[in-house]
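Enquirer: sequence? don't have it. structure:
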(Lines give C-alpha, C1' and ligand atoms only; values in the text may rest on other atoms or scores of the structure.)
Protein backbone atom coordinates (compact mmCIF):
# COMPACT_ATOMS: atom_id res chain seq x y z
CA UNK A 1 0.00 0.00 0.00
CA UNK A 2 1.46 3.37 -1.02
CA UNK A 3 1.83 6.11 1.60
CA UNK A 4 -1.17 8.48 1.89
CA UNK A 5 -1.36 11.53 -0.34
CA UNK A 6 -0.43 13.87 2.50
CA UNK A 7 2.75 11.88 3.16
CA UNK A 8 3.73 11.97 -0.50
CA UNK A 9 3.11 15.72 -0.50
CA UNK A 10 5.44 16.15 2.48
CA UNK A 11 8.16 14.24 0.62
CA UNK A 12 7.75 16.46 -2.43
CA UNK A 13 7.85 19.58 -0.25
CA UNK A 14 11.02 18.37 1.45
CA UNK A 15 12.68 17.75 -1.90
CA UNK A 16 11.67 21.16 -3.19
CA UNK A 17 13.19 22.72 -0.07
CA UNK A 18 16.44 20.84 -0.50
CA UNK A 19 16.70 21.76 -4.17
CA UNK A 20 15.98 25.40 -3.32
CA UNK A 21 18.91 25.37 -0.90
CA UNK A 22 21.06 23.79 -3.60
CA UNK A 23 20.20 26.45 -6.18
CA UNK A 24 20.13 29.52 -3.96
CA UNK A 25 22.77 28.66 -1.32
CA UNK A 26 26.16 30.33 -1.10
CA UNK A 27 28.22 30.06 -4.27
CA UNK A 28 31.11 28.64 -2.30
CA UNK A 29 29.13 25.46 -1.67
CA UNK A 30 29.14 24.64 -5.37
CA UNK A 31 32.51 26.08 -6.35
CA UNK A 32 34.86 24.71 -3.72
CA UNK A 33 38.27 23.91 -5.14
CA UNK A 34 39.80 20.47 -5.30
CA UNK A 35 42.50 21.12 -2.65
CA UNK A 36 42.17 19.89 0.93
CA UNK A 37 40.58 16.68 2.21
CA UNK A 38 38.17 14.54 0.26
CA UNK A 39 35.32 12.60 1.80
CA UNK A 40 33.70 9.21 1.56
CA UNK A 41 30.11 9.58 2.83
CA UNK A 42 28.55 6.32 4.04
CA UNK A 43 24.78 6.11 4.53
CA UNK A 44 22.49 3.29 5.58
CA UNK A 45 21.41 1.02 8.39
CA UNK A 46 23.25 -1.40 10.69
CA UNK A 47 25.33 -2.82 7.84
CA UNK A 48 26.86 0.62 7.26
CA UNK A 49 28.18 0.74 10.83
CA UNK A 50 29.34 -2.87 11.09
CA UNK A 51 26.83 -4.26 13.58
CA UNK A 52 27.60 -7.83 14.74
CA UNK A 53 26.47 -9.99 17.66
CA UNK A 54 28.99 -10.49 20.45
CA UNK A 55 29.57 -13.79 22.25
CA UNK A 56 26.38 -13.23 24.25
CA UNK A 57 24.31 -12.36 21.19
CA UNK A 58 24.20 -8.63 21.98
CA UNK A 59 24.48 -6.42 18.92
CA UNK A 60 27.58 -4.22 18.89
CA UNK A 61 28.98 -1.67 16.48
CA UNK A 62 32.34 -2.80 15.09
CA UNK A 63 35.03 -1.61 12.71
CA UNK A 64 34.16 -4.47 10.33
CA UNK A 65 31.43 -2.68 8.36
CA UNK A 66 31.85 -2.48 4.62
CA UNK A 67 32.49 1.32 4.68
CA UNK A 68 35.41 0.83 7.07
CA UNK A 69 36.84 -1.83 4.77
CA UNK A 70 36.40 0.28 1.64
CA UNK A 71 38.00 3.24 3.36
CA UNK A 72 40.94 1.11 4.54
CA UNK A 73 41.45 -0.11 0.97
CA UNK A 74 41.42 3.41 -0.49
CA UNK A 75 43.24 5.40 2.16
CA UNK A 76 46.83 4.26 1.44
CA UNK A 77 46.62 5.63 -2.10
CA UNK A 78 44.39 8.57 -1.10
CA UNK A 79 45.79 9.80 2.23
CA UNK A 80 43.60 12.93 2.22
CA UNK A 81 40.45 10.79 2.17
CA UNK A 82 38.19 10.97 5.24
CA UNK A 83 35.32 8.62 6.13
CA UNK A 84 32.09 10.24 7.30
CA UNK A 85 29.64 7.55 8.37
CA UNK A 86 26.07 8.65 9.12
CA UNK A 87 24.64 5.11 9.31
CA UNK A 88 21.96 4.30 11.87
CA UNK A 89 21.24 0.81 13.21
CA UNK A 90 17.63 -0.14 12.58
CA UNK A 91 17.09 2.63 10.01
CA UNK A 92 14.18 2.15 7.62
CA UNK A 93 13.52 4.17 4.50
CA UNK A 94 10.83 6.04 6.47
CA UNK A 95 13.12 7.01 9.36
CA UNK A 96 15.88 7.83 6.86
CA UNK A 97 13.59 10.56 5.52
CA UNK A 98 11.80 11.66 8.66
CA UNK A 99 14.21 10.83 11.49
CA UNK A 100 13.17 9.59 14.89
CA UNK A 101 15.59 6.70 15.37
CA UNK A 102 19.11 8.15 15.60
CA UNK A 103 19.91 11.72 16.57
CA UNK A 104 21.09 14.13 13.87
CA UNK A 105 20.46 17.27 15.87
CA UNK A 106 18.78 20.15 14.10
CA UNK A 107 19.22 18.35 10.77
CA UNK A 108 16.47 15.96 11.87
CA UNK A 109 17.21 12.82 9.87
CA UNK A 110 19.98 10.89 8.17
CA UNK A 111 18.84 12.31 4.84
CA UNK A 112 18.89 15.84 6.25
CA UNK A 113 22.40 15.29 7.60
CA UNK A 114 23.54 13.77 4.30
CA UNK A 115 22.20 16.62 2.19
CA UNK A 116 23.70 19.23 4.53
CA UNK A 117 27.09 17.51 4.39
CA UNK A 118 27.06 17.16 0.61
CA UNK A 119 26.14 20.80 0.12
CA UNK A 120 28.76 22.01 2.58
CA UNK A 121 31.51 19.93 0.94
CA UNK A 122 30.70 20.23 -2.74
CA UNK A 123 33.79 19.57 -4.78
CA UNK A 124 35.34 17.50 -2.00
CA UNK A 125 33.15 14.38 -1.92
CA UNK A 126 34.94 11.39 -3.38
CA UNK A 127 31.98 8.97 -3.25
CA UNK A 128 28.75 8.01 -1.48
CA UNK A 129 27.56 4.52 -0.58
CA UNK A 130 24.11 3.61 0.74
CA UNK A 131 22.20 0.52 1.85
CA UNK A 132 18.54 0.74 2.88
CA UNK A 133 15.35 -1.31 2.77
CA UNK A 134 16.25 -4.42 4.73
CA UNK A 135 14.54 -3.22 7.89
CA UNK A 136 11.41 -2.30 5.92
CA UNK A 137 11.00 -5.81 4.52
CA UNK A 138 12.77 -8.07 7.02
CA UNK A 139 9.70 -8.64 9.15
CA UNK A 140 7.62 -10.14 6.35
CA UNK A 141 8.78 -13.74 6.82
CA UNK A 142 9.03 -16.13 9.75
CA UNK A 143 8.89 -19.89 10.23
CA UNK A 144 5.13 -19.83 9.67
CA UNK A 145 5.50 -18.48 6.14
CA UNK A 146 5.97 -15.41 3.95
CA UNK A 147 3.41 -12.62 4.26
CA UNK A 148 3.15 -11.57 0.63
CA UNK A 149 0.86 -8.63 1.44
CA UNK A 150 3.53 -7.35 3.82
CA UNK A 151 6.16 -7.85 1.12
CA UNK A 152 4.20 -5.87 -1.47
CA UNK A 153 3.32 -3.04 0.90
CA UNK A 154 6.90 -2.80 2.15
CA UNK A 155 8.30 -2.96 -1.36
CA UNK A 156 6.04 -0.10 -2.46
CA UNK A 157 7.06 1.96 0.56
CA UNK A 158 10.75 1.36 -0.09
CA UNK A 159 10.38 2.33 -3.74
CA UNK A 160 8.65 5.63 -2.92
CA UNK A 161 10.85 6.59 0.02
CA UNK A 162 14.14 5.52 -1.52
CA UNK A 163 13.35 7.31 -4.78
CA UNK A 164 12.74 10.53 -2.86
CA UNK A 165 15.95 10.04 -0.90
CA UNK A 166 18.09 9.30 -3.94
CA UNK A 167 16.79 12.31 -5.87
CA UNK A 168 17.74 14.55 -2.96
CA UNK A 169 21.16 12.92 -2.51
CA UNK A 170 21.99 13.15 -6.19
CA UNK A 171 20.90 16.80 -6.34
CA UNK A 172 23.03 17.69 -3.34
CA UNK A 173 26.06 15.66 -4.49
CA UNK A 174 25.98 16.82 -8.09
CA UNK A 175 26.10 14.72 -11.19
CA UNK A 176 29.77 13.70 -11.08
CA UNK A 177 30.04 12.17 -7.60
CA UNK A 178 29.92 8.35 -7.67
CA UNK A 179 26.98 7.00 -5.67
CA UNK A 180 26.61 3.25 -5.19
CA UNK A 181 23.63 1.46 -3.67
CA UNK A 182 23.32 -2.14 -2.56
CA UNK A 183 20.96 -5.06 -3.13
CA UNK A 184 20.22 -7.81 -0.61
CA UNK A 185 21.32 -11.27 0.35
CA UNK A 186 18.64 -13.70 1.57
CA UNK A 187 18.73 -14.58 5.31
CA UNK A 188 15.56 -16.68 4.96
CA UNK A 189 17.58 -19.36 3.17
CA UNK A 190 18.65 -20.49 6.64
CA UNK A 191 15.05 -21.51 7.39
CA UNK A 192 15.83 -24.81 5.67
CA UNK A 193 17.97 -25.61 8.72
CA UNK A 194 15.07 -24.79 11.04
CA UNK A 195 12.53 -27.18 9.54
CA UNK A 196 11.08 -24.85 6.89
CA UNK A 197 12.83 -25.63 3.56
CA UNK A 198 9.76 -24.66 1.50
CA UNK A 199 9.78 -21.16 2.98
CA UNK A 200 13.51 -20.89 2.32
CA UNK A 201 13.04 -21.72 -1.35
CA UNK A 202 10.00 -19.46 -1.70
CA UNK A 203 12.05 -16.53 -0.41
CA UNK A 204 14.42 -16.52 -3.37
CA UNK A 205 12.07 -15.02 -6.00
CA UNK A 206 10.88 -12.52 -3.38
CA UNK A 207 14.43 -11.28 -2.82
CA UNK A 208 15.09 -11.18 -6.57
CA UNK A 209 12.01 -9.03 -7.09
CA UNK A 210 13.03 -6.64 -4.32
CA UNK A 211 16.55 -6.41 -5.70
CA UNK A 212 15.23 -5.65 -9.19
CA UNK A 213 13.27 -2.75 -7.70
CA UNK A 214 16.31 -1.45 -5.79
CA UNK A 215 18.45 -1.54 -8.92
CA UNK A 216 15.81 0.48 -10.79
CA UNK A 217 15.62 3.11 -8.06
CA UNK A 218 19.39 3.51 -7.79
CA UNK A 219 19.77 3.47 -11.55
CA UNK A 220 17.22 6.27 -11.93
CA UNK A 221 19.77 8.72 -10.49
CA UNK A 222 22.77 7.20 -12.24
CA UNK A 223 23.87 5.08 -9.28
CA UNK A 224 25.01 1.49 -9.90
CA UNK A 225 24.13 -1.26 -7.43
CA UNK A 226 26.67 -3.36 -5.54
CA UNK A 227 25.54 -6.87 -6.45
CA UNK A 228 25.56 -8.53 -3.04
CA UNK A 229 22.91 -10.97 -4.28
CA UNK A 230 25.47 -12.46 -6.66
CA UNK A 231 28.41 -12.06 -4.27
CA UNK A 232 26.55 -14.27 -1.77
CA UNK A 233 25.67 -16.69 -4.62
CA UNK A 234 22.00 -16.34 -3.67
CA UNK A 235 20.72 -18.10 -6.80
CA UNK A 236 23.24 -20.95 -6.84
CA UNK A 237 21.64 -24.17 -5.58
CA UNK A 238 24.53 -26.45 -6.57
CA UNK A 239 25.02 -29.00 -3.75
CA UNK A 240 28.32 -28.75 -1.89
CA UNK A 241 29.65 -30.38 1.28
CA UNK A 242 30.14 -28.13 4.29
CA UNK A 243 31.71 -29.39 7.54
CA UNK A 244 29.06 -29.47 10.23
CA UNK A 245 26.20 -29.07 7.76
CA UNK A 246 26.72 -31.91 5.33
CA UNK A 247 25.57 -31.53 1.75
CA UNK A 248 23.73 -28.22 1.30
CA UNK A 249 23.02 -25.82 -1.58
CA UNK A 250 25.79 -23.34 -2.33
CA UNK A 251 23.54 -20.38 -1.51
CA UNK A 252 22.93 -21.72 1.99
CA UNK A 253 26.62 -22.51 2.47
CA UNK A 254 27.55 -18.94 1.58
CA UNK A 255 24.86 -17.52 3.86
CA UNK A 256 26.26 -19.58 6.74
CA UNK A 257 29.78 -18.41 5.90
CA UNK A 258 28.91 -14.74 5.44
CA UNK A 259 26.32 -14.19 8.22
CA UNK A 260 25.51 -15.43 11.72
CA UNK A 261 22.24 -17.02 10.57
CA UNK A 262 23.60 -20.53 11.10
CA UNK A 263 25.50 -19.80 14.32
CA UNK A 264 24.22 -21.56 17.45
CA UNK A 265 22.59 -19.56 20.25
CA UNK A 266 23.21 -17.15 21.82
CA UNK A 267 25.18 -15.67 18.91
CA UNK A 268 22.76 -16.82 16.22
CA UNK A 269 20.66 -17.05 14.30
CA UNK A 270 21.43 -13.46 13.38
CA UNK A 271 21.27 -11.95 9.91
CA UNK A 272 24.21 -9.55 10.29
CA UNK A 273 27.39 -10.34 8.36
CA UNK A 274 30.49 -12.01 9.70
CA UNK A 275 33.86 -10.41 8.97
CA UNK A 276 33.98 -12.49 5.78
CA UNK A 277 30.51 -11.29 4.88
CA UNK A 278 31.36 -7.63 5.33
CA UNK A 279 34.48 -8.14 3.22
CA UNK A 280 32.38 -9.72 0.49
CA UNK A 281 29.97 -6.77 0.58
CA UNK A 282 32.86 -4.31 0.46
CA UNK A 283 34.26 -6.09 -2.58
CA UNK A 284 30.88 -5.84 -4.31
CA UNK A 285 30.88 -2.08 -3.74
CA UNK A 286 34.49 -1.80 -4.88
CA UNK A 287 33.58 -3.54 -8.15
CA UNK A 288 31.18 -0.68 -8.93
CA UNK A 289 33.61 2.09 -7.90
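Expert: Sure thing, it's come through. Everything numeric here is computed off the predicted structure, so don't read it as measured data.

Enquirer: Every contact and neighbour count from this point should use C-alpha atoms.
Expert: Will do.

Enquirer: mind listing the helices for the protein?
Expert: With helices called from DSSP state H, the chain shows them at 5-24, 28-31, 66-74, 93-98, 110-120, 134-137, 148-173, 197-219, 228-231, 250-258, 275-288.

Enquirer: So which of these is nearest residue 238?
Expert: Closest approach to residue 238 among the helices of the chain is made by helix 250-258 (5.4 Å; Cα to Cα).

Enquirer: okay, the helices of the chain in a markdown table with mean neighbour count next?
Expert: A markdown table is the format used below for the helices of the chain (neighbours: other Cα atoms under 10 Å):
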| stretch | mean neighbour count |
| --- | --- |
| helix 5-24 | 14 |
| helix 28-31 | 14 |
| helix 66-74 | 20 |
| helix 93-98 | 21 |
| helix 110-120 | 22 |
| helix 134-137 | 20 |
| helix 148-173 | 20 |
| helix 197-219 | 18 |
| helix 228-231 | 18 |
| helix 250-258 | 23 |
| helix 275-288 | 20 |
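
Enquirer: Of all those helices, which one is nearest residue 47?
Expert: Closest approach to residue 47 among the helices of the chain (Cα to Cα): helix 66-74, 7.3 Å.

Enquirer: between the helices of the chain, which gets the lowest average pLDDT?
Expert: Among the helices of the chain, helix 28-31 carries the lowest mean pLDDT, at a mean of 33.

Enquirer: one step back: okay, the helices of the chain in JSON lines with distance to residue 239 next?
Expert: Formatted as JSON lines, the helices of the chain follow (distance: least, Cα to Cα, whole Å):
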{"stretch": "helix 5-24", "distance to residue 239": "46"}
{"stretch": "helix 28-31", "distance to residue 239": "54"}
{"stretch": "helix 66-74", "distance to residue 239": "29"}
{"stretch": "helix 93-98", "distance to residue 239": "36"}
{"stretch": "helix 110-120", "distance to residue 239": "42"}
{"stretch": "helix 134-137", "distance to residue 239": "27"}
{"stretch": "helix 148-173", "distance to residue 239": "28"}
{"stretch": "helix 197-219", "distance to residue 239": "14"}
{"stretch": "helix 228-231", "distance to residue 239": "17"}
{"stretch": "helix 250-258", "distance to residue 239": "6"}
{"stretch": "helix 275-288", "distance to residue 239": "20"}
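
Enquirer: looking at those, which is closest to residue 59?
Expert: Across those, closest to residue 59 is helix 275-288 (Cα to Cα), at 14.2 Å.

Enquirer: how far off helix 66-74 does that closest one point, in degrees?
Expert: Angle between the axes of helix 275-288 and helix 66-74 is 60 degrees (criterion: axes from the mean of the first three to the mean of the last three Cα atoms, to 10 degrees).

Enquirer: Helix 275-288: how far from the chain's middle?
Expert: 12 Å (Cα atoms, centre = their mean, to the nearest Å).

Enquirer: by contact count, what packs against that helix?
Expert: helix 66-74, strand 179-182, strand 225-226, helix 228-231, helix 250-258 (3 or more Cα pairs under 8 Å, 6 or more residues apart in numbering; DSSP states H and E).

Enquirer: Tell me what the spatially most central residue of the chain is bridged to.
Expert: The chain has residue 131 as the residue nearest its centroid, 1.3 Å off, counting by Cα atoms, centre = their mean. With DSSP bridges as the criterion, residue 131 is bridged to residue 44.

Enquirer: List the contacts of it.
Expert: Counting by Cα atoms under 8 Å, 6 or more residues apart in numbering, residue 131 touches 43, 44, 45, 47, 48, 181, 182, 183.

Enquirer: Quick check: the fourth one vs residue 124, distance?
Expert: Taking Cα to Cα, to the nearest Å as the measure, residue 47 and residue 124 are separated by 25 Å.
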